[in-house]
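1. Next come a sequence and a model predicted from it.
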Amino acid sequence: MTDLLRHVSANLREARQAAGLSQAALAARAGVSRRMITMIEAAEGNVSLGTLDRLATALGLAFAELVRPAGTAWRGQAPASQARLVAASTAAGMVELWDWALAPGERYVAEPDRPGMREMILVVDGSLILDRAGTCETLAAGQSTVFASDQPYAYENPGPGIVRFVKNVLA
């Protein structure tokens with residue numbers, strides 16, 4: 001069991017109980033199965049970032065609150081591939097700042113976010129392919145883009161070295 005899963009497990013149970021919700025009530029509110037919530041609270045199985053985001057939203061929390069303390073939220077097949085939530089704010093809508101790294105050949109397929117959400121990406125090192133519903137855009141170091149993330153999308157590293165990028169998620 002990872003440290004992140006332990007934090008998420010405890011944080012989810014605490015927030016659900018503080019909200020006075022049963023697992024079934026939270027599942028209905030978030031649009032996930034009660035079994036998924038049971039597994040997360042038991043720190044078992046594998047949960048997607050999209051599912052965690054839906055649960056956080058259903059509880060009225062920022063994603064960062066659900067996964068605190070900050071740590072690696074995603075790891076790829078290669079040890080160098082990871083995503084780490086750096087900061088989040090809910091002052092004027094939700095804003096998250098992420099630090100990403102993808103090893104050569106690594107691909108991350110994202111679940112579509114809620115309607116109206118956007119991402120801003122800045123490539124720091126290497127070259128990143130952003131695949132949005134089959135339309136690919138290649139971003140080199142120093143290039144950036146903004147896109148609606150309420151559609152299927154993926155990140156891919158086609159190069160020989162690690163690609164690093166930062167992104168903001170805006171709602």
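-> Perfect, I can see it now.

2. So what's the residue count around Asn11?
-> Using other CB atoms under 10 Å, Asn11 has 22 neighbouring residues. Placement of C-beta: from N, CA and C, glycine included.

3. Specify the local secondary structure of it.
-> With DSSP: H, G, I helix; E, B strand; the rest coil as the basis, the three-state label of Asn11 is helix.

4. What does the pLDDT read for it?
-> You'll see Asn11 listed with a pLDDT of 84.

5. what residue of the chain is the furthest out?
-> In the chain, counting by CA atoms, centre = their mean, Gly20 sits farthest out from the average C-alpha position, at 25.8 Å.

6. Provide a list of residues in contact with the residue nearest to the spatial centre of the chain.
-> Of all residues in the chain, the one closest to the mean position by CA atoms, centre = their mean is Leu49, 4.1 Å from it. Shown in contact with Leu49 (CB atoms under 8 Å, 6 or more residues apart in numbering): Ala73, Trp74, Ala83, Ala110, Glu111.

7. repeat for Gln143
-> So Gln143 contacts Leu122, Val123 (CB under 8 Å, 6+ apart).

8. One more: Ala15?
-> Leu59, Leu61, Glu65, Leu66.

9. isn't there a strand covering the third one?
-> No. With three-state DSSP as the criterion, Glu65 is assigned helix and is not in a strand.

10. Relative to Pro115, how far out is it?
-> Using CB to CB, to the nearest Å, Glu65 is found at 22 Å from Pro115.

11. And for the last one?
-> In this structure, Leu66 and Pro115 are 20 Å apart, going by CB to CB.

12. Tell me which of the two has more neighbours.
-> A count of neighbours by other CB under 10 Å puts Leu66 above the other of Leu66 and Pro115, at 20 against 9.

13. Quick check: closest non-adjacent residue to that one.
-> Using CB to CB, 6 or more residues apart in numbering and skipping the chain neighbours, the partner closest in space to Leu66 is Ala56 (4.3 Å).

14. can you check Leu21 too?
-> Arg29 (7.2 Å).

15. Surely the one you found is in a strand?
-> No. Arg29: not assigned to a strand; according to three-state DSSP it is helix.

16. what about it, how many residues close to it?
-> Neighbours of Arg29 (other CB under 10 Å): 16.

17. Test my guess that it contacts Gly20.
-> No. Between Arg29 and Gly20 there is no contact under CB atoms under 8 Å: 12.0 Å.
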